[in-house]
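S.K.: Fold the following, please.
(one chain, ligands or ions: 1)
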Amino acid sequence: MTGLQPIAENVLLLSGDTHPKICSNVYVLEGPDSLALIDSGVDVPRLQAALKPLGKPIETVFFTHGHFDHVQAAIKAQINGQMAAADLDVIHELNAAWVNIQKPDFFTPFGNGRIRFTPFDLDIIPTPGHTPGSVSFFDKKHGILFSGDCKFADGGVGRADFWGSNAHELEKSLAKIDRLDYRLLAPGHGPIEKRANRR
Ligand SMILES: [Zn+2]
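M.R.: Have a look, this model is predicted:
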């Protein structure tokens, strides 16, 4: 079992690829006294074991969207989190084909268009299509785009054949992402990818 892989200053990746079941990547943002996650994956013991060497509690989780493979560990461990209202309001419907998830009362909608978690300041970029409330998080300082299940390495794009998906919206979201000046793509599944021809 692999542990945390540093991908930038204070940013670590717990890859979902090595998990035996379907599980998202988990990105760990390390603050001075606590941690924030981008997506939680599904496996609480694995997450706790990976984070243990950091010796800091999880303060919150910022979700790229409401699919079970990104949120289940946070629900099981009752870690508070934030998600776009458009996914939070339909989290049961989003997952009904696979698992029974009710809207947890410790998840709240994003307050505004950005996330401040010292020393991070991330833009919340609405990138609907894969789900109605899918977002990407843009870390300008590090040049990282956390793209959830909108865009993957090797030119991969999100699926648009699930409940609430919209292929036209997904295309618009991919065009929006393309205009951002990011240098590292950090998707919800699979490897991270350096962007060619960028500073
Ligand atoms: Zn998904």
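
S.K.: Quickly list what residue 114 is bridged to.
M.R.: The partner list for residue 114 in beta bridges (DSSP bridges) reads residue 123.

S.K.: Give me the below-cutoff pLDDT ranges for the protein.
M.R.: 1-2, 197-199 (pLDDT under 70).

S.K.: Tell me how far residue 53 lies from the ion.
M.R.: Distance, residue 53 to the ion, using Cβ to the ion, to the nearest Å: 29 Å. (Each C-beta comes from the backbone N, C-alpha and C, glycine too.)

S.K.: So which bits of the longest helix seen in the chain are buried?
M.R.: Among the segments of the chain that qualify as a helix by DSSP state H, the longest is helix 167-178. For helix 167-178, burial by neighbour count (16 or more other Cβ atoms under 10 Å) applies to 169-170, 173-174, 177.

S.K.: Tell me the one of the residues you listed nearest the ion?
M.R.: Lowest distance from the ion to those (Cβ to the ion) belongs to residue 170, with 11.6 Å.

S.K.: need the contact list for the nearest residue to that closest one once chain neighbours are set aside.
M.R.: Among residues not flanking residue 170 along the chain, residue 129 sits closest, at 2.6 Å (Cβ to Cβ, 6 or more residues apart in numbering). Contacts for residue 129 (Cβ atoms under 8 Å, 6 or more residues apart in numbering) come out as 150, 158, 160, 165-174.
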